[in-house]
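Asker: quick one: sequence and predicted model below, then my questions.
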Amino acid sequence: MIYHIVTTTDWTAQRDSLTYAAASLANEGFIHLSTKEQVAGVLKRYYQNVPDLLLLHVDPNKLTADLRYEAATNNELFPHLYGPLNKDAVVNIDPIDQ
């Protein structure tokens, strides 16, 4: 399982679509994802004091876009999705309590 952090507002804005496209897809060419072990660090680095977050649980075997593990922060390998996230790969959504 891999994970994506998103605001409730961003997720619900695309609720009628079969896919989800994070802003990073247009800006950087991919959607940022994390392994389970990386989620806490990502929350601490990028989402402190950001309200109404959701954690999407994504089954990598169901993805239709290209998934690559690439070096990022501290040369740690992070999963990057090079295309929109097909929503049928999202198997669970949890609210994040910070």
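Answerer: That came through, no problem. Residues are numbered from 1 along each chain as shown.
Asker: buried stuff in stretch 83-98?
Answerer: If you call a residue buried by 16 or more other CB atoms under 10 Å, then stretch 83-98 has these buried ones: 83-87, 89-90, 96. Every residue, glycine included, has its C-beta placed from N, CA and C.
Asker: what's near enough to touch residue 49?
Answerer: Contacts for residue 49 were tallied using CB atoms under 8 Å, 6 or more residues apart in numbering; they are residue 98.
Asker: now it: how far from residue 43?
Answerer: Separation of residue 49 from residue 43 (CB to CB, to the nearest Å): 11 Å.
Asker: shared neighbours, those two?
Answerer: Residues touching both residue 49 and residue 43 by CB under 8 Å, 6+ apart: residue 98.
Asker: got a list of contacts for the longest helix along the chain?
Answerer: Criterion DSSP state H: the longest helix present in the chain is helix 39-46. Applying CB under 8 Å, 6+ apart, the contact partners of helix 39-46 are 3, 5, 32, 34, 53, 55, 73, 96, 98.
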